[in-house]
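Colleague: Generate coordinates for the sequence data below:
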Amino acid sequence: MGLGALPQHRLVRFMAKAAVFDHWFAGRFMRAMQHIPVDRTAGAAAFDLAVRALKDGEVVGVFPEATISRSFTVKDLKAGAPRMAVQAGVPIIPAAVWGGQRVATKGHKVQWRRGTPVLVLLGEPIVAEPGEKPQALLRRTRAAMEALLDEAQRTYPEQPSGPEDRWWLPVHLGGTAPTPEEAAVADAVRAAGKGPKVVKKSPLARLKGLVARR
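Modeller: Coordinates of the predicted model:
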């Protein structure tokens, strides 16, 4: 997503869950690039830091769905982004990314291969009207994101190679991804701590796995 700002010679400070900053490998890069850690149980500090950055003229990247959409459609959005925009007096730049799920996404093995197209689309700035409430701004943001995602899906240069490769398409495009309703149920189960436990490999084990695949 950050590549979308490079033509304007801008860098994006992304808001990301705090656990990423503690990762043995990714954490050092997240801190060096001055991204903003978000503690989901106490997000006020991250919110204030983001508003301060926006007022200073920086670009802050927000994932308003809060987590990856397993249905590959736009999920319900959190109100943090429009609240920040209103408080800082800045526009929202809606965006959509399509194709990245073919490289890495929840529930599927990472595909370490070159040449997979990934589209990044940026929409027109959305400016809050005088007195407009964050929820109204949120609805306009979601509509813009849905339009961008639809455009990205329609213009994507590749199609599934066969029936087993339709997992990365949403149901309404003939894919086998979960429906939005099924995805919401699965997310709720995992949020309640009832989903399958994932055993994380040590850094050494991951390195051995990469070497073994070469």
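Colleague: and the next element down the chain from the longest strand along the chain?
Modeller: Longest among the strand segments of the chain by residue count, using DSSP state E, is strand 12-17. Scanning forward in sequence from strand 12-17 by DSSP states H and E, the next helix or strand is helix 18-21.
Colleague: Can you verify Pro37 is assigned to a strand?
Modeller: Yes. According to DSSP: H, G, I helix; E, B strand; the rest coil, Pro37 belongs to a strand.
Colleague: Look up which residues are beta-bridged to it.
Modeller: Bridge pairing for Pro37 (DSSP bridges) gives the partners Ala16.
Colleague: thinking it is in contact with Phe14, fair?
Modeller: No. If you go by Cβ atoms under 8 Å, Pro37 and Phe14 don't touch, sitting 10.2 Å apart. Yep, even glycine has a C-beta here, placed from its N, CA and C like the rest.
Colleague: show me where this structure has helices.
Modeller: All helices of the chain, identified by DSSP state H, fall at 18-21, 26-32, 44-55, 80-88, 134-155, 180-191, 203-213.
Colleague: ok so, going back, ok, and for the longest strand of the chain, which residues are buried?
Modeller: Using 16 or more other Cβ atoms under 10 Å as the test for burial, strand 12-17 gives Val12, Arg13, Phe14, Met15, Ala16.
Colleague: got the contact list for the third one?
Modeller: The reference is to Phe14. Shown in contact with Phe14 (Cβ atoms under 8 Å, 6 or more residues apart in numbering): Met1, Gly2, His35, Ile36, Val60, Gly61, Val62, Phe63.
Colleague: State the pLDDT value of the closest residue to the fifth one other than its chain neighbours.
Modeller: Setting aside the residues directly before and after it, Val60 is nearest to Ala50 in space (Cβ to Cβ, 6 or more residues apart in numbering), at 4.9 Å. What the model reports for Ala50 is a pLDDT of 97.
Colleague: And for Ala50, the neighbour number?
Modeller: Burial of Ala50 is recorded as 25 neighbouring residues (other Cβ atoms under 10 Å).
Colleague: Numbering from 6 from now on, please.
Modeller: All right, first residue 6 from here; so that's Ala55.
Colleague: how near is it to Phe34?
Modeller: With distances taken as Cβ to Cβ, to the nearest Å, Ala55 is found 19 Å from Phe34.
Colleague: next one: Gln13
Modeller: Gln13 is 22 Å from Phe34, by Cβ to Cβ.
Colleague: Apart from its neighbours in sequence, what residue is nearest the most centrally placed residue in the chain?
Modeller: The centre of the chain sits closest to Phe68, judged by Cα atoms, centre = their mean, with a distance of 4.7 Å. Once flanking residues are discounted, Phe68 sits nearest to Met20: 7.3 Å by Cβ to Cβ, 6+ apart.
Colleague: in the chain, which ranges drop under the pLDDT threshold?
Modeller: For the chain, the stretches with pLDDT under 70 are 199-219.
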